[in-house]
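*Asks:* Next input, structure requested:
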Amino acid sequence: MDESSADDWAALHADPSFAVVGLGGAGGDAARDLLGLGLTGVRTFAINTDARHLEGMAIPQRILIGARELHGRGSGGNRLAALRAVEDNQAEILRQLADFEIVFLLAGLGGGTGSALLPYLAKELRKTGAMPVPVAFLPFHHELASPSRRQNVVESLEELEGMGGLLLALSNEKLLRFRSLPFPRVIHVRNAYVHCLVSSLVDMVEYPSQMNVDIASVKSHLGAAGLSTLLWGERHHSEPERLVEQAMRETLLDFELTEHPSALVHVDGGSNLTLDTFERILQSFRRQLGEPREMVVGTRTHEEPREILRLTAVVGGLKPQSVRDALGRPTNDSSVVVAH
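*Replies:* Predicted coordinates:
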């Protein structure tokens with residue numbers, strides 16, 4: 001390998017391949033929190049119809065849309081107005097996002113801007129060859145008493161579920177387990193969980209492993225798996241079964257699995273990760289999923305010993321309409337994933 005070849009190879013990784021895009025008010029706030037928690041190799045954007053909200057964001061890349069019709073005052077919960085706004089600015093948005101391989105789209109559903117932009121940009125980004133990862137914040141159940149908000153949520157989820165691929169639907173209703181905390185702290189807990197999901201997926205595909213999982217592997221798996229979601233967990237290496245239970249059961253995600261799901265599982269640990277521990281993780285995961293029809297496995301071990309194992313899993317085979325069906329379902333914190 002000559003020096004010019006090394007320089008050429010390094011240039012391929014000079015710019016970030018991943019982007020986090022906050023859409024609307026809740027999505028922008030979540031993107032700001034993720035940026036504050038640290039996202040190595042990830043570019044952060046905020047897109048909104050509300051100029052005042054954008055002005056106060058500590059995010060360098062900000063895009064105001066719909067200024068001609070909405071005059072920077074927000075969509076007022078009008079999903080159609082927000083849709084016209086993003087269509088008017090589509091070329092500029094896609095130009096800025098064109099070079100990223102994975103784009104995380106964060107939005108709160110119920111209002112106009114996030115509800116319109118999330119499915120629209122997910123669909124348009126797919127046409128460019130990028131892999132969009134919609135991250136939808138579902139409203140508290142009491143918010144759905146408003147017919148217009150419920151309609152915005154249902155219409156957005158219907159489009160997102162129909163696309164297949166990854167969908168991370170985080171239920172605000174599940175935040176009630178933290179009801180004793182101040183409200184801003186609870187939202188930060190949710191956004192910190194999203195940060196873990198984003199970071200684990202980026203790490204899984206960005207860095208080489210002994211048993212490798214790259215972006216092409218994820219795209220191939222998603223192509224066959226249908227509607228999918230992303231699970232994450234971290235636990236001491238002495239508790240492999242507890243690690244799997246945490247990832248599957250202690251989640252803020254809302255979904256229900258079909259009888260025979262599929263999974264792409266990656267385990268990240270230190271030089272002290274034993275083959276026995278690795279096998280126990282995989283066996284426990286199979287049991288939790290109810291014998292998946294396919295399970296692709298990857299692992300990375302670092303040179304130094306590590307006390308903590310990280311589990312990242314792309315799980316496919318979500319039931320049709322399972323996220324929409326969960327909107328009125330009472331929350332059961334002890335069993336939030338149903339596999340049958």
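*Asks:* Pull out the buried positions in whichever strand in the chain runs longest.
*Replies:* Determined from DSSP state E, the single longest strand within the chain is strand 255-269. Neighbour-count burial for strand 255-269 flags 255-258, 261-269 (criterion: 16 or more other C-beta atoms under 10 Å). Using the backbone N, CA and C atoms, a C-beta is placed for each residue, glycine as well.
*Asks:* Please apply the same query to stretch 307-319.
*Replies:* Buried residues in stretch 307-319, counted by 16+ other C-beta under 10 Å: Leu309, Arg310, Leu311, Thr312, Ala313, Val314, Val315, Gly316, Gly317, Leu318, Lys319.
*Asks:* will you turn those into TSV that also has pLDDT and secondary structure?
*Replies:* Conversion of those to TSV gives the following (pLDDT from 0 to 100; DSSP: H, G, I helix; E, B strand; the rest coil):
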residue	pLDDT	secondary structure
Leu309	96	strand
Arg310	96	strand
Leu311	96	strand
Thr312	95	strand
Ala313	94	strand
Val314	94	strand
Val315	93	strand
Gly316	91	strand
Gly317	88	strand
Leu318	87	strand
Lys319	85	coil
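*Asks:* can you redo these as CSV with distance to Ala224?
*Replies:* What follows is the buried residues of stretch 307-319, written out as CSV (distance: C-beta to C-beta, whole Å):
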residue, distance to Ala224
Leu309, 27
Arg310, 25
Leu311, 22
Thr312, 19
Ala313, 16
Val314, 11
Val315, 13
Gly316, 7
Gly317, 10
Leu318, 14
Lys319, 17
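*Asks:* Nearest to Glu250 among those?
*Replies:* Taking C-beta to C-beta as the measure, Glu250 lies nearest Leu311 of those, at 12.0 Å.
*Asks:* Secondary structure element holding the residue nearest to that closest one when sequence neighbours are not counted?
*Replies:* If the residues on either side of it in the chain are set aside, Leu311 comes closest to Gly233, at 4.6 Å by C-beta to C-beta, 6 or more residues apart in numbering. Assigned by DSSP states H and E, Gly233 falls within strand 227-236.
*Asks:* residues in contact with that strand?
*Replies:* Strand 227-236 has contacts (C-beta atoms under 8 Å, 6 or more residues apart in numbering) with 133, 161, 164-169, 196-197, 200-201, 221-222, 242-244, 246-248, 250-251, 253, 255, 307-318, 320.
*Asks:* Can you list which of these are found in strands?
*Replies:* In this view, those that belong to strands under DSSP E are 133, 165-166, 168-169, 255, 308-318.
*Asks:* For the nearest residue to Arg306 once chain neighbours are set aside, list the residues it contacts.
*Replies:* In space, Arg306 comes closest to Gly270 once its chain neighbours are excluded; the distance is 2.9 Å by C-beta to C-beta, 6+ apart. Counting by C-beta under 8 Å, 6+ apart, Gly270 makes contact with His237, Thr301, His302, Glu304, Pro305, Arg306, Glu307.
*Asks:* Take those residues and keep only those in helices.
*Replies:* Members of the contacts of Gly270 lying in helices (criterion: DSSP state H): none.
*Asks:* Contacts only, for Phe45.
*Replies:* Contacts here follow C-beta under 8 Å, 6+ apart; on that basis Phe45 touches Ala19, Val20, Val21, Gly22, Ala31, Ile59, Gln61, Arg62, Ile63, Gln96, Leu97.
*Asks:* make it 7 Å
*Replies:* Applying C-beta atoms under 7 Å, 6 or more residues apart in numbering, we find Phe45 in contact with Ala19, Val21, Gly22, Ile59, Gln61, Ile63.
*Asks:* Now the helix or strand where it lies: average pLDDT?
*Replies:* Per DSSP H and E: Phe45 is located in strand 42-48. Summarised as a single mean, pLDDT over strand 42-48 is 95.
*Asks:* Please apply the same query to stretch 324-339.
*Replies:* 56.
*Asks:* Same question for stretch 296-308.
*Replies:* Here stretch 296-308 scores 94 as its mean pLDDT.
*Asks:* residues of it that come out buried?
*Replies:* Neighbour-count burial for stretch 296-308, counted by 16+ other C-beta under 10 Å, picks out Val296, Gly298, Thr299, Arg300, Thr301, Arg306.
*Asks:* All the strands of the chain, residue numbers only.
*Replies:* Using DSSP E, strands in the chain cover 18-23, 42-48, 61-64, 102-108, 131-138, 165-166, 168-171, 227-236, 255-269, 294-301, 308-318, 337-339.
*Asks:* Buried members of the contacts of Phe45 into PyMOL, please.
*Replies:* Burial among the contacts of Phe45 is assessed by 16+ other C-beta under 10 Å; the matching PyMOL selection reads:
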select buried, resi 19+21+22+59+63
